[in-house]
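Q: Just the structure for this:
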Amino acid sequence: MRRDGRGRGASAAAATALVCALGVTAVPESAYAVPDDPAPRPDAGGPGGSGGSEGSGATSLEGVRSEIDALYRKAEKATDAYNLARERQTRQEKAIVKIARAVVKAQKEMSGLRKRAGAMARAQYRGGGMPAEARLLLNDDPSDFLNGVTLARKGQQATHGLMSRLERTQAALDRYAASASREWERLDGSRKKKAAAKRQITAKLAKAQRLESRLEKKERERLRRLEEDKARASQAKWLDTGILRELGAGATATGKRAVSFASAQIGKNYVWGAVGPDAYDCSGLTQRAWAVAGRSIPRTSQEQWRLLPKVGIGNMRPGDLIIYYPDASHVGMYVGNGAMVHAPRPGRQVTVAGAGSMPILGVVRPGGA
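A: Numbers count the residues shown, from 1 in each chain. This next block holds a predicted model:
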C-alpha cells in the first residue's frame, strides 16, 4: 500500500530491523539496465501460450521474468542518459542566458562609445578639420601655446583610449557570438539525446508492461515471487562471504541525515526522471537525500560512480551509495546491517532490499572521508 511521506515511521533503524528480521532479504525489487532484447520463444509457453505442465509453466514464466528484467534494465540505462542530457541542457540554457546578458551590457557600452567617438569627430569638424598640432603652431601667445599642448596631449590620450575600448568591446562581442553559437550547438545535441533516450524509455517500458499485462493475476504474483527469490539468493550468497563482519557501522552526521531522508521515502512510487517529492528514480532518490543532508552530488548513477570518491565494499558505512551492474545503471543507499534503500523500477515503490541482491559494481561516499 502506498503511503505519503509525512510522519512515516521509516527510519533507518526500523528499515534495518525489518531487513534483519527477514534474514536481510527484505522485498528486493531489482532495477534493470541493458542487455539486448531477448527474442521471445514461441515454444516456451509464455504469456498467451499453453505453458504445458507446472514445471514447463515455471520455466516459461522465468523466461518472461528474464525478458521483463532486461527491458527494465534497458529503460533504466536510457533513463540515466535522459537525466544526464536534461542536466546538460539546463546548464547550457543557463550559459546562453548569461551570454545574452553579457552581450546586452557590451552593446550598451558600444553604443555609448560610438556616441563619444561621434562627438569627438563633430568637434574636430567644427574646428575646421585642422589637426590640433597645426593650430598650436599658429598660436602667437606662448601661454596659450603651452596650455594647448597639454590639452592636445589629453585629447590624444582620450582618443587613443576611446579607440582601444571600442576595439576591446567589439572583440568581446565577437567572443560572445562564438560562445553562443557553440552553446546552441551543444544545447541542440543535448535535446536530441534527451529525446532519443525518452523514446527508448517509453518503448522499453511499454513492451515490459504489455508482457506483464498479458499475465493472469496469479502469474503476476508468481512473477513477483520469482523476482524476490532471485534477489534473495543473491543476497544470501553475498552474506555467505562474511561481509557483515567487515562492514563499518558508524555513519557521519551528514550520512545519518541522508539515510533518514531516503528511508522516509519508502512507499513512494518509482517514476523515471523524478527527483521527488512524490516519486523518484534510483539516482533521483540518492541525489535528493544527499542534497537534504547538505551535499550536492551528480544527478545520474553513472556520474555518481564516475565522480564521487570510491571506497572498498568492506569499508562501506550507512549513507554510502552502492552502484550496481557493470554499466553503473542503478544505485541504492546503504543503511546498515547489510541492507539498502532504493527506488527499484517502474511499477514498484521505494523499498528496503538486501545490499547484495544485485551485482555490485562498487561503492562511493558523497560525504568524503
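
Q: who touches Y82 in this structure?
A: K194, A197, K198, I201, W272, G273 (Cβ atoms under 8 Å, 6 or more residues apart in numbering). Every residue, glycine included, has its C-beta placed from N, CA and C.

Q: top strand in the protein by residue count?
A: Using DSSP state E to define each element, the chain has its longest strand at strand 330-336.

Q: Past that one, which element shows up next along the chain?
A: strand 339-342 (DSSP states H and E).

Q: ok, which pair from the contacts of Y82 is furthest apart?
A: Pairwise distances across the contacts of Y82 (Cβ to Cβ) peak at 12.3 Å, for the pair K194 and W272.

Q: the more surrounded of the two?
A: Neighbours were tallied for K194 and for W272 using other Cβ atoms under 10 Å; the higher tally belongs to W272 (24 against 20).

Q: Now the phi/psi pair for that one, please.
A: W272 has phi and psi values of phi -60, psi 140 when expressed as degrees, to the nearest 10.

Q: So the residue nearest to it when sequence neighbours are not counted versus K198, what's the distance?
A: Nearest residue to W272, sequence neighbours excluded (Cβ to Cβ, 6 or more residues apart in numbering): T79, at 4.3 Å. For T79, the distance to K198 equals 9 Å [Cβ to Cβ, to the nearest Å].

Q: Repeat that for Q209.
A: Taken as Cβ to Cβ, the span from Q209 to K198 is 16 Å.

Q: Not counting its own residues, what contacts the strand or helix carrying T286?
A: T286 belongs to helix 282-292 when elements are defined using DSSP H and E. Helix 282-292 has contacts (Cβ under 8 Å, 6+ apart) with 31, 76, 80, 83, 254, 257-259, 261-262, 265, 270, 273-276, 280, 296-301, 304, 321, 330-333, 341-344, 350, 366-367.

Q: Is P346 in a helix, a strand, or coil?
A: Under the three-state scheme (DSSP: H, G, I helix; E, B strand; the rest coil), P346 adopts coil.

Q: Who are the contact partners of K310?
A: G362, V363, V364, R365.

Q: Repeat the analysis, applying 7 Å as the threshold.
A: Contact analysis of K310 by Cβ atoms under 7 Å, 6 or more residues apart in numbering lists G362, V363, V364.

Q: Buried ones from the residues you listed, can you make that a ChimeraX selection?
A: The buried subset of these, as determined by 16 or more other Cβ atoms under 10 Å, is captured in ChimeraX by this line:
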select :363,364
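
Q: Determine the number of other residues adjacent to A264.
A: 22.

Q: Start the count at 52 instead of 1 going forward.
A: Yep, numbering from 52; the last one is A315 now.

Q: So which residues of this structure form helices?
A: With DSSP state H as the criterion, the chain has helices at 63-72, 105-177, 183-188, 193-264, 268-290, 304-315, 333-343, 352-358.

Q: Can you tell me which of the ones you listed is nearest to N366?
A: Of the helices of the chain, nearest to N366 by Cβ to Cβ is helix 304-315, at 13.0 Å.

Q: A330 is in contact with V322, correct?
A: Yes - in this structure V322 lies within contact range of A330 using Cβ atoms under 7 Å: 3.8 Å.

Q: neighbour-wise, which of those two wins?
A: A330 (19 against 16).

Q: Might one say that the more buried one is in contact with K319?
A: Yes - here A330 reaches K319: they are 5.8 Å apart, a contact under Cβ under 7 Å.

Q: how close does D280 get to G169?
A: According to Cβ to Cβ, D280 and G169 sit 84 Å apart.

Q: who has more neighbours, these two?
A: D280 (13 against 10).

Q: Local confidence estimate at that one?
A: The score at D280 is 90. That number is its pLDDT.

Q: hmm, back to that, of Q260 and K249, who's got more company?
A: Just comparing Q260 and K249: by other Cβ under 10 Å the higher neighbour count belongs to K249, 18 against 15.

Q: contacting residues around the closest residue to W235 other than its chain neighbours?
A: Nearest non-adjacent residue to W235, counting by Cβ to Cβ, 6+ apart: I147, 6.9 Å away. I147 sits next to A231, E234, W235, L238 when contact means Cβ under 7 Å, 6+ apart.

Q: ditto for I411
A: By Cβ under 7 Å, 6+ apart, the neighbours of I411 are I364, I373, Y375.

Q: out of those residues, who has the most neighbours?
A: Top of the contacts of I411 by neighbour count (other Cβ under 10 Å): Y375, with 28 neighbours.

Q: any idea how far K269 is from that one?
A: When distance is defined by Cβ to Cβ, Y375 is 30 Å away from K269.

Q: what's the answer for R296, then?
A: Distance of R296 to K269, given as Cβ to Cβ: 41 Å.

Q: before we move on, the earlier item: and the angle for the helix holding T337 with helix 105-177?
A: Here helix 333-343 runs at an angle of 60 degrees relative to helix 105-177 (axes from the mean of the first three to the mean of the last three Cα atoms, to 10 degrees).
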